[in-house]
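J.: predicted model follows, preceded by the sequence.
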Amino acid sequence: MEIQERKSGKIYALSSTTSVPEWLGERARRNLAKRDSAFRHRITLLQDLEMPVSSNKVRQSPDGRFLIVGGTYSPRIRCYELAEMSMKFERYLDSEVVDIQILSEDYGKLAILGADRSVSFHAPYGNHSVIRLPTFGRAMAYEKTTCDLLVVSSGKRVSPGAAAAGGQAMGEIYRFNLDEGRFSQPYSFTSALRQKKGVDTDDKRVLQLGGSCIAVSPTHSLAAVGAEDGTVRFWDNRAPISSSQSDVDLTPFLNLDVASATSGYGFFDENSNSGFPGEVTSICFDASGIHMCAGTKGGNVALYDMRSSRPLFIKEHQYGLPIHTVQFHSGSGTVLSSDPKLVKIWNAKGSASSNRGEWNDNDGGFGDSRDDDGVGGALGSIVANVEGTADFSHFMVSGDSNDPEGHNSGLLLCTGEQEKLQSFYCPVLGAAPQWCSFLDNITEELEEKDGALEQSAGDDGVVQTETVYEDYKFLTRSEIDTLGIQNLVGTPLLRGYMHGFFIHVGLYNRIRAVAKPFEYKEYRSQKIKERMEEKRASRIAPKTNPQKINAKVNPDLADRLQAKSGAKTKAGKAAKSLVEDDRFGGLFSNPDFEIDEEAEDFKLRNPSGVVSTKVRNDRDMDSDQDDDDDKDEGDNLDASGFTKINENEKWGSESEDDEGQIDYYDSDSDEDGFQGGKIRGELYENNRKSSRDKKKKDAKKIKAKKKKKNVMYEADDYVGGGANAIDIGIGNVSAEADANKRKKEMSLSMAERLQLQSNESKFVGDTKRLKVTGQGSVKEVTFIPKATRKKLEAQEKARKEAQVKDDRVGRSRRGVKSLGFKTPFKHHQ
């Protein structure tokens, strides 16, 4: 439990502890209570007093026995029986809850305003009926004298053309008579010609006007409606209304300008907030019906005496946020007003007697003056500020069967943007309700500290506590797949929660030890590596270029960006901003951002980058190879029709290969211990090694000298010399193709060459020439028509088939008749 210290006293946040999982066993709960003082001191007012996501409305029945809460998601209402301190039932809805009204003394008759322009009526057995509204509803109130359900709507929109013709937007309050079961003529009102934010100052026309809140006085049948234009309008429900469309009783008899009264007050920021700051967002009457409070969108609360149009006091909320709920607390003589951040409790009467008194109709204040009893303070002075763990959306002071309105209660129930309903106990307002009277008995016990925790606290006085989830490990679906425990899903060993599962930490450690047996060694080696790097960092490091990127990942990209960053072009500026911006530091240090140049997507998006990488790799491979003399740059020219001219070198020169020379130190023969007339001594191995090193150095020197020499090439016979040789030398592709063709012809035999010429002569007559004119050039193209080529190929095919057939006939076996005998030979017996 969290205790908020205030000048007037302490405020106990009853729901400040974390929620306990439903699947946590009783034994685990007992162990947690021993370790965690916050869990041990927690207070559960009502069982399951929470919603799956958030709650937005809370109401208490007029008999004080039941609590109705509306929330989401999915949209639903929950009814709690306070005497049993548990949930009675839960019902799901078709749309989110906008407002709730209890029509009977208990939960038997409920009216729920939905966000889909519907009002649903619920009975004890469930949903009874649903009605549809012409426009969206914003708030509801029940008028008991006429049995009318009043619904404030968003109003009907007026087209710009109608507004230019003099038409005005009309706001409406729908009246549904529950006794007759039909709609009555709605209340209507027009704009007060107040300028809203975003509308031109010269144009006073408002295209749409709607109400924001409604309240009915508990003493007299006076309905007050707060609208978007900052005006509170009043209707007297006691006046008879005829069926005439022009009845004046359908229009308000009084307009109270709250926007003008609160103008210049508050901390409303027009830049960060939208809307009209004078819009009335909440309204309420006190128990006597004499005083009224109106909250605005700009964070101001105006306190009025119904006998005057000027406010008694204007209270400012420093956050400048809309006031969503205002309530009188007659038991303490205070007003409770709330915005999304806090509930502010402040004095409504500038007298110390405002506590524990009753409103006096004669003087408009409280009764007997007692300086020694009560909250005290001047009018509007702060009594307490109640702060929650999430934004508030609505609140109420909970009472009991003796005090259903909670005028003498100190228990606050607040709905907000979290699962649990936030509950606060304020002794300065009053005692706890009868159904939770134990709060008064244990208040002092909650303030005491646990003795065992005090003894375990250190010298600094900090008490170490544990949470309910410290014995469990949260795992996502991917982590479960990595550990290979998919078969445990659905068993009590894995508890489903949100997007993952809870597993006991002991079981998790055992499974991890089996799934990753070498994890500790990897962890140890990583720690050792980190310590070694820390030691190296303390040494004197060489001076480095501060502008150079130390890229562990994507070094090629870093080099390209570094090279471009010096240019003054648009690409250079972009590269410079990318290099200097710390937000992109992970691109060169985090392995997750490494560019996979072998991926198909990268190749499709960077075709030029793929080609350049391939060329660079080929160059690297060529530079790593130790080419011999016959694999130099001249090989390419040899293949292109040129032959290298070998110079006559003297025997024994540096260019002479040493393969034929005898190495007196390379022999491994152990037959006689002699080699080349030299005896193997103790320095044999050393001499052998030095000889090899010397040979390698000589070979490198020879190779370097060869590269520096001018090499001469001569054209082959099939090149033709002259212009053809020059064309091949400068890289002309067509000339090189002609040379290769002539080389191929010269390598054929005479018969094959004649056959090739005869085949080409067949197409000479059918060859056609065509001139192609392009940009700045004219080319002559020689080709053979496709039809002619197909015809000749068909003739050649037929000829070959005929030849094959003749060969088969010639090889067939001859019979007797083929010999030409006139009389066949007969065998005589």
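T.: Structure's in. What do you need?
J.: rest of the way, CA atoms for contacts and neighbours
T.: OK.
J.: so which residues of the stretch 101-250 of the chain form strands?
T.: For the stretch 101-250 of the chain, applying DSSP state E, counting those that start in this stretch gives strands covering 110-114, 118-123, 126-132, 137-143, 148-153, 170-177, 182-190, 211-216, 222-227, 231-236.
J.: for Arg6, find the nearest of those.
T.: strand 211-216 (31.7 Å; CA to CA).
J.: tilt between the closest one and strand 231-236?
T.: Angle of strand 211-216 versus strand 231-236, following axes from the mean of the first three to the mean of the last three CA atoms, to 10 degrees, is 40 degrees.
J.: that older thread, buried deepest among the strands of the stretch 101-250 of the chain, which one?
T.: strand 211-216 (a mean of 25; mean count of other CA atoms under 10 Å).
J.: using CSV, write out the CA atom coordinates for that one.
T.: In CSV, the C-alpha atoms belonging to strand 211-216 read as follows (Å, rounded to 0.1, in the frame of the first residue of the first chain):
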residue,chain,number,x,y,z
GLY,A,211,-24.1,19.4,-25.4
SER,A,212,-21.3,18.0,-23.2
CYS,A,213,-22.8,17.2,-19.8
ILE,A,214,-26.1,17.1,-17.9
ALA,A,215,-27.2,17.1,-14.3
VAL,A,216,-30.6,17.1,-12.5
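J.: can you give me the end-to-end span of stretch 79-89?
T.: With CA to CA, to the nearest Å as the measure, stretch 79-89 spans 5 Å from end to end.
J.: who's in contact with His324?
T.: Neighbour list for His324: Thr281, Ser282, Gly295, Ser337, Ser338, Asp339, Pro340, Ser393, His394 [criterion: CA atoms under 8 Å, 6 or more residues apart in numbering].
J.: show the pLDDT at it.
T.: Note on His324: pLDDT of 93.
J.: residues in contact with the residue nearest to Asp116 when sequence neighbours are not counted?
T.: Closest residue in space to Asp116, ignoring its immediate chain neighbours: Ser95 at 6.2 Å, by CA to CA, 6 or more residues apart in numbering. Contacts for Ser95 (CA under 8 Å, 6+ apart) come out as Pro75, Gly114, Ala115, Asp116.
J.: go through those residues and say which is closest to Phe176.
T.: Gly114 (15.5 Å).
J.: how many neighbours does Glu519 have?
T.: Glu519: 12 surrounding residues under other CA atoms under 10 Å.
J.: so how far is Val505 from it?
T.: 17 Å.
J.: any chance of the contacts of Ser95 in a markdown table, with distance to Ser749 and pLDDT too?
T.: Output for the contacts of Ser95, formatted as a markdown table (distance: CA to CA, whole Å; pLDDT from 0 to 100):
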| residue | distance to Ser749 | pLDDT |
| --- | --- | --- |
| Pro75 | 95 | 94 |
| Gly114 | 100 | 94 |
| Ala115 | 97 | 92 |
| Asp116 | 96 | 91 |
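J.: distance to Asp179 for those - can I get that in a markdown table?
T.: Shown next, in a markdown table, are the contacts of Ser95 (distance: CA to CA, whole Å):
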| residue | distance to Asp179 |
| --- | --- |
| Pro75 | 29 |
| Gly114 | 22 |
| Ala115 | 25 |
| Asp116 | 24 |
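J.: quick check on Ile11: phi, psi?
T.: phi -120, psi 130 (degrees, to the nearest 10).
J.: pull the contacting residues for it.
T.: Ile3, Gln4, Glu5, Val386, Phe424, Tyr425, Cys426, Pro427.
J.: surely the fourth one and Lys344 touch.
T.: Read it as Val386. Yes: contact criterion CA atoms under 8 Å: Val386 and Lys344 qualify, at 6.4 Å.
J.: from Phe328, how far off is Lys696?
T.: 103 Å.
J.: between these two, which one's more packed in?
T.: Phe328 (23 against 11).
J.: so who does the more buried one touch?
T.: Counting by CA under 8 Å, 6+ apart, Phe328 has contacts Cys284, Phe285, Asp286, Ala287, Thr334, Val335, Leu336, His407.
J.: and if we set it to 10 Å?
T.: 284-287, 291-293, 334-337, 345, 348, 397, 406-407 (CA atoms under 10 Å, 6 or more residues apart in numbering).
J.: now, which of those residues lie within strands?
T.: Among the contacts of Phe328, the ones falling in strands (DSSP state E) are Cys284, Phe285, His291, Met292, Cys293, Thr334, Val335, Leu336, Ser337, Ile345, Val397.
J.: what would those residues look like in CSV with neighbour count?
T.: As requested, the ones in strands among the contacts of Phe328 are exported to CSV (neighbours: other CA atoms under 10 Å):
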residue, neighbour count
Cys284, 22
Phe285, 24
His291, 22
Met292, 23
Cys293, 23
Thr334, 25
Val335, 24
Leu336, 21
Ser337, 27
Ile345, 22
Val397, 26
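J.: since that was my last question, I'll sign off now.
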